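Participant: Got a predicted structure here, sequence first:
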Amino acid sequence: MDAYGVVGNPINHSKSPKIHHLFAEQLGHQISYSKIESSLEDFTQTIELFFTKGGKGLNITLPFKEAAFKLSDSYGQSAENSQAVNTLSFSEDGRIYGESTDGLGLLKDLENNDIYLEGKEVLLLGSGGAARSVIPSLHQKDIAGLTVCNRTKEKAIKIKEDFIHLREINVLDGLSLKNHYDIVINATSANLSNEAPEINPNVFDGSVCYDMGYTYGDTFFLNWAKKFNPSICLQGWGMLVEQAAESFYIWRGVRPDTEEIILRLQKETEN
């Protein structure tokens, strides 16, 4: 039985094992898929041990997406553009292939909800691996403008410099943001810390508010943002399933039907 898994910290909340087992059930594949917790210091050893034991592929979540990029020997186009990796594959010659499916997962989920990015002003909150992973995909949709805001402005400036070959990125501190953006995307860890970002709350007025995080019920971030009159609030269940489907396709060569999986997950209770 082919072995897969997801590496993160924390990792107990991850729904990836359930999603990939549902994919396998749908398609008649026999796989195992486990949660793996690691420290940043032990990350390389954790990955190498998994593959040495015969593992076929790994998903990578917070806070290791940039470390996974550095560990990879070769890359898919999205990973190369974003310098972040969420999907690792191990080849027979011992080389690690890294790809990022997050951006495509985000775009597919937005389109599934009839939200289109062309010509829109987008505000991206956060500048870690999650934010990096979606910037190339946002750029491909010919958005009107992209603003990045992060608690540590130096990290946001680093993103601006790293992606200058793709597009101009505006970098603003939270209180200097303008009063409206068409789409606000949360790529911060606000849901883990339960701390609202220090930003001008008027950014949400009439906007599409998308939280890349997910939980049963509203996320902490969405509960906070709803106070400021967004037009639509979405969380990342759909993105989670869509990016997972792309990982499954990379590993298994077949793409699952995501609609039924998304509906099934959203109907379930936390237990």
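Facilitator: Happy to help now that I have it.
Participant: can you list the residues that contact stretch 8-24?
Facilitator: Identification of contacts with stretch 8-24 by Cβ atoms under 8 Å, 6 or more residues apart in numbering yields 4-6, 29-31, 33-40, 59-64, 192, 214-215, 240-241, 244-245, 248, 256, 261, 264-265. The C-beta positions use only the backbone N, C-alpha and C, and glycine is treated the same way.
Participant: So which of those are in strands?
Facilitator: 4, 5, 6, 31, 33, 34, 35, 36, 37, 59, 60 (DSSP state E).
Participant: Separate out the buried members of those.
Facilitator: In terms of neighbour count (16 or more other Cβ atoms under 10 Å), the buried residues within these are 4, 5, 6, 31, 33, 35, 36, 59, 60.
Participant: quick one: the strands in the stretch 101-250 of the chain?
Facilitator: For the stretch 101-250 of the chain, the strands defined by DSSP state E, counting those that start in this stretch occupy 121-125, 145-149, 170-171, 183-186, 208-211, 232-235.
Participant: Let me have those strands in JSON lines, extended by mean pLDDT and mean neighbour count.
Facilitator: Supplementary listing: these in JSON lines, determined by pLDDT from 0 to 100; neighbours: other Cβ atoms under 10 Å:
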{"stretch": "strand 121-125", "mean pLDDT": "98", "mean neighbour count": "24"}
{"stretch": "strand 145-149", "mean pLDDT": "97", "mean neighbour count": "22"}
{"stretch": "strand 170-171", "mean pLDDT": "97", "mean neighbour count": "17"}
{"stretch": "strand 183-186", "mean pLDDT": "98", "mean neighbour count": "25"}
{"stretch": "strand 208-211", "mean pLDDT": "98", "mean neighbour count": "25"}
{"stretch": "strand 232-235", "mean pLDDT": "96", "mean neighbour count": "19"}
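Participant: Tell me which two in the buried ones among the ones in strands among the contacts of stretch 8-24 are the farthest apart.
Facilitator: Using Cβ to Cβ, the pair of these lying farthest apart is 31 and 60, separated by 17.6 Å.
Participant: center of this protein - which residue?
Facilitator: Central residue check for the chain by Cα atoms, centre = their mean: the C-alpha nearest the mean position is that of residue 102, 4.4 Å away.
Participant: which ones are touching it?
Facilitator: 84, 86, 130, 133, 134, 137, 239, 243.
Participant: Let's see that with 10 Å instead.
Facilitator: When contacts are counted by Cβ atoms under 10 Å, 6 or more residues apart in numbering, residue 102 is found next to 61, 65, 78-79, 82, 84-87, 129-134, 137, 187, 212, 236, 239-240, 242-243, 246-247.
Participant: Could I get the full set of helices for this protein?
Facilitator: For the chain, the helices defined by DSSP state H occupy 16-27, 43-52, 65-71, 77-82, 102-112, 129-140, 153-162, 190-193, 220-225, 237-252, 258-267.
Participant: weakest of those helices by average pLDDT?
Facilitator: Ranked by mean pLDDT, the helices of the chain end with helix 190-193 at the bottom, a mean of 74.
Participant: CA-only coordinates of it in PDB, if you can.
Facilitator: Backbone C-alpha positions of helix 190-193 (Å, rounded to 0.1, in the frame of the first residue of the first chain) are rendered in PDB as follows:
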ATOM      1  CA  ALA A 190      -4.600  34.800  13.000                       C
ATOM      2  CA  ASN A 191      -6.800  31.700  13.500                       C
ATOM      3  CA  LEU A 192      -4.100  29.900  15.500                       C
ATOM      4  CA  SER A 193      -3.300  32.900  17.700                       C
END
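Participant: Are there helices or strands packed against it, and which ones?
Facilitator: Contact here means 3 or more Cβ pairs under 10 Å, 6 or more residues apart in numbering; DSSP states H and E; on that basis helix 190-193 packs against helix 220-225.
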